[in-house]
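# Pasting the sequence and the predicted coordinates here, then a few questions.
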Amino acid sequence: MRPKDRQGRALLVVIDGLGFNRRTSKTVAGSAWASLAGPDRAALTRAAQRALESRPGLQVNPDGLARLLLYPVHAEALETETRWDTALSLLDALAEATRLSRPAMGRAAQAVRAAATVHRYVPWMADAPGFVRYRNAHLSIPTSASGVWAGFEDTDPPARGNSETGHQQIANLALAPQTPREITESIAEGSFFTNAALSDAVRGGLAQGRALNFCFLLSGVRGDDGRVHSAWNHLEAFLDLVFIRHHADPRQVRMQAVLDGRDCPARWSLDGAGGAGKYLDRLQLLLGRYKAEECLAWVVGRSTAMDRDYREQNTRADYLLLTRGEGARVQGFSGVKQAVRAAHASGLGDSDVPPIAVADRAGTVRVVGPGEAFVNLNFRPDRQRAKTAALAGAQDFLQREAALRGRTYSFDWAGAPLRLSMCTIAEYHPDFEQKHGVVVAFPVRPQKHNLLALWPQVMLGQNYFMAVESVKALHMGYFFRGRRATPVQPDIEDRVMVASFADADGVTSDSDFIKYPYMRNAEVADAVLRATDTDDHALICCNLSAPDMIGHLMPEETDRSPTAEAAIAAAVRAYEATGAAVELMAGAALKSGYSVVVTSDHGNIEDAGPAHSGNDVLTTVMSPGGRYVPAKRDTFQARLFDVSWTLASLLGAEGAVREVLASSGFNFDSPFSGRPLVTRK
């Protein structure tokens, strides 16, 4: 039964990878406006004129307002940081003008979809009218999801948000600083070069003529060029530590270069633009500073080396490349580039380049041997766990995680334990340290201002529910709990994880999800509907992964091949399936008395290419019976860490949250502290 003192219930829907691009929107709207018949343009302008008559203070002309009517979601027509009163007045005018011009609006929507198709703007190509209606009928506010607002260092251009940072910020009551910022700050102040874990790993790896092995994802030169799992300045600092501070002989050092192609353009291992990309050339120059080009020993795409869905064939291939040199054999950087170029010519992007073993001048393929050191320089944990478990001999961990996803490991490829001296730049999972002796250079500290961490104190006797598919298991879990592998109390959380498509479905890498662009949206939505029926949870949370997973397969803007067109079509289906799932869940939740918050962790599917975007996302707050109104702020702009406060307000727990935080000296006035987006009438 529902506790009598519960003041509210809420559903949170996190859509992975759905932002909106103001520049593209303006271009598409302009093209659609130009294509409209004269009578339709006149009808929209007359409606805009009538809406403006009752709003004399709104500084926009009828023609300008009429053009904004072409934006399917009205809030996306707002410029960044629009003043609060101006934004509300403009949104009201758009809503009224829309009502006054319904026949013309139908033809305008067709023109918008046609123009969006020309410009490949997926959110406006898609047909999701119910989803759009919900967003226009309720408070929808642009939300910052990148750069400093995602917890990164202040770079120009800003670092793009990602699923890890986004989910942390959404559940946090204040900005959650990210590990890459901590590492970059340590490099600047010099403590990186005296870090005990890193120094001990390097020193031990080089002792008695042994080998120091390390891996790094070739990415992250700039904030808009990866920097999701790795940062190029971290690699530069590590090589300085190895070759300058510890005077390493390059013959003792071996590197595994993992190719990206998902968080940066698909083939930027060889290609590039604007001072970014060309990562293999960049790596060759960097190693050349130390006369250490021969350090490059292994190359492989991230689909193999960074698989987070625990597909045994990928773990096996990565392990055998490192420990037995199994892969296409080439010599030197020239051989690597030739092999990667051939992979590109066959239709593969960087992420799917198969294993390459790089021989030294003597023609010898290097392998990771027993007792050697292995350092992993990639800071985001979810895609480093399978690799780390395999090298550390954590077969119980691999079997457990595989079983959660409906898989099993045979381990017919695993030899005798390597007993490596392993150091990871960040914490991937506590099991690795506690059971297998892995040391961490920059330990991850749980975030104390996480709403779910405070749950037992502020929501006495109540619990929450989470639904997610396996490919995003850590996001609506570890990251959402504020970097906690388990809930702070086991009895407060119920969780359903739906297995993503598997080997039997023809999905052996993330690139294969193009076959199923709707992902497991329907199954996640079904789990949410069952949870709303039980009335057992104050808060229900879910993640819809399709826009991000299919967004990573988006073609570059200039690619007009049949494969590219198929990817665009899949992205449209992903958006439509996501919109349908939101419409279904929101309708049922509102009918059952739940408030609903819909947001996204970062942008992706709205832009060309596979990388995340630095665009704003949109947060929508729906309340049954109109019990809440927007909470005024200076500008019509939210931050992701406002979402947790909004949930607390909807649940009737804001006062309790404030009381708990006040006792710990929380700075409520900081620009990096969240605030509710709504308030009670």
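Looks like it arrived, so ask away.

# Tell me where the stretch 101-250 of the chain has strands.
Using DSSP state E, counting those that start in this stretch, the strands of the stretch 101-250 of the chain run over residues 139-144, 212-218.

# Mean confidence (pLDDT) on the last one, please.
Think strand 212-218. Across strand 212-218, the average pLDDT comes to 98.

# Only the C-alpha atoms, please, for it, written as CSV.
Provided in CSV are the C-alpha atoms of strand 212-218 (Å, rounded to 0.1, in the frame of the first residue of the first chain):
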residue,chain,number,x,y,z
LEU,A,212,56.0,-2.1,-19.1
ASN,A,213,52.8,-2.6,-21.1
PHE,A,214,50.1,0.0,-21.3
CYS,A,215,46.9,0.7,-23.3
PHE,A,216,45.3,4.0,-24.4
LEU,A,217,42.3,4.9,-26.6
LEU,A,218,43.5,7.2,-29.4
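
# From the chain's centroid, how far away is that strand?
23 Å (C-alpha atoms, centre = their mean, to the nearest Å).

# just the first one next, same as before
With C-alpha atoms, centre = their mean as the basis, the distance from the averaged C-alpha position of strand 139-144 to the chain average is 18 Å.

# helices and strands around it, which ones?
In terms of contacts (3 or more C-beta pairs under 8 Å, 6 or more residues apart in numbering; DSSP states H and E), strand 139-144 is packed against strand 617-622, strand 638-639. (Glycine included, C-beta is placed from N, CA and C.)

# Can I get those strands in JSON lines including mean neighbour count, distance to residue 575 and mean pLDDT?
As requested, these are arranged in JSON lines below (neighbours: other C-beta atoms under 10 Å; distance: least, C-beta to C-beta, whole Å; pLDDT from 0 to 100):
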{"stretch": "strand 617-622", "mean neighbour count": "25", "distance to residue 575": "13", "mean pLDDT": "98"}
{"stretch": "strand 638-639", "mean neighbour count": "24", "distance to residue 575": "22", "mean pLDDT": "98"}
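
# would you turn those into a markdown table with distance to residue 659?
Compiled in a markdown table, these are given as follows (distance: least, C-beta to C-beta, whole Å):
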| stretch | distance to residue 659 |
| --- | --- |
| strand 617-622 | 23 |
| strand 638-639 | 23 |
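
# of all these, which lies closest to residue 151?
Residue 151 lies closest to strand 638-639 among those, at 10.7 Å (C-beta to C-beta).

# Tell me which strands that closest one pairs with, and in which orientation.
strand 139-144 (parallel) (DSSP bridges).

# so which of the strands of the stretch 101-250 of the chain comes closest to residue 86?
With C-beta to C-beta as the criterion, residue 86 lies closest to strand 139-144 of those, at 13.4 Å.

# how big is the angle separating the closest one from strand 617-622?
Here strand 139-144 runs at an angle of 150 degrees relative to strand 617-622 (axes from the mean of the first three to the mean of the last three C-alpha atoms, to 10 degrees).

# Looking at residue 166 now. What's its pLDDT?
Predicted confidence (pLDDT) for residue 166: 97.

# Give me the nearest residue to it, chain neighbours excluded.
Leaving out its chain neighbours, the residue that sits closest to residue 166 by C-beta to C-beta, 6 or more residues apart in numbering is residue 601, at 2.4 Å.

# which residues touch the one you found?
14-17, 145, 161-163, 165-167, 170, 475, 548, 617, 640 (C-beta atoms under 8 Å, 6 or more residues apart in numbering).

# Out of the residues you listed, which is nearest to residue 235?
Looking across those and measuring by C-beta to C-beta, the closest to residue 235 is residue 162, at 18.7 Å.

# Neighbours of the spatially closest residue to that closest one that is not a sequence neighbour, how many?
Spatially, and ignoring its direct neighbours in sequence, residue 162 is nearest to residue 228 (4.4 Å; C-beta to C-beta, 6+ apart). If you count neighbours by other C-beta atoms under 10 Å, residue 228 ends up with 28.

# Please report how far residue 228 lies from residue 180.
Plainly put, residue 228 is 9 Å away from residue 180 if you go by C-beta to C-beta, to the nearest Å.

# just residue 128 next, same as before
Distance, residue 128 to residue 180, using C-beta to C-beta: 34 Å.

# The two: which has the busier surroundings?
Under the criterion of other C-beta under 10 Å, the comparison of residue 128 against residue 180 puts residue 180 first, with 26 against 20.

# any idea of the pLDDT on the more buried one?
As predicted, residue 180 sits at a pLDDT of 94.

# Surely it is in contact with residue 425?
No. In this structure, residue 180 is not within contact of residue 425 by C-beta atoms under 8 Å, at 9.5 Å.

# any chance you could map the helices in the stretch 401-550 of the chain?
Using DSSP state H, counting those that start in this stretch, the helices assigned to the stretch 401-550 of the chain run over residues 430-436, 455-458, 521-534, 546-551.

# List the buried residues of the first one.
Residues of helix 430-436 classed as buried under the neighbour-count rule (16 or more other C-beta atoms under 10 Å) are 431-433, 436.

# Dump those to JSON lines, plus pLDDT.
Compiled in JSON lines, the buried residues of helix 430-436 are given as follows (pLDDT from 0 to 100):
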{"residue": "431", "pLDDT": "95"}
{"residue": "432", "pLDDT": "97"}
{"residue": "433", "pLDDT": "95"}
{"residue": "436", "pLDDT": "96"}
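
# Pull up the overlap in contacts between residue 180 and residue 425.
Between them, residue 180 and residue 425 share these contacting residues under C-beta under 8 Å, 6+ apart: 234, 379.

# Would you agree residue 347 falls within a strand?
No. Going by DSSP: H, G, I helix; E, B strand; the rest coil, the assignment for residue 347 is coil, not a strand.

# what helix or strand is the residue nearest to it when sequence neighbours are not counted on?
In space, and not counting its chain neighbours, residue 347 is closest to residue 563: 6.9 Å by C-beta to C-beta, 6+ apart. Per DSSP states H and E, residue 563 falls inside helix 562-591.

# and that helix, how far from the chain's centre?
Computed by C-alpha atoms, centre = their mean, the chain-centroid distance of helix 562-591 equals 18 Å.
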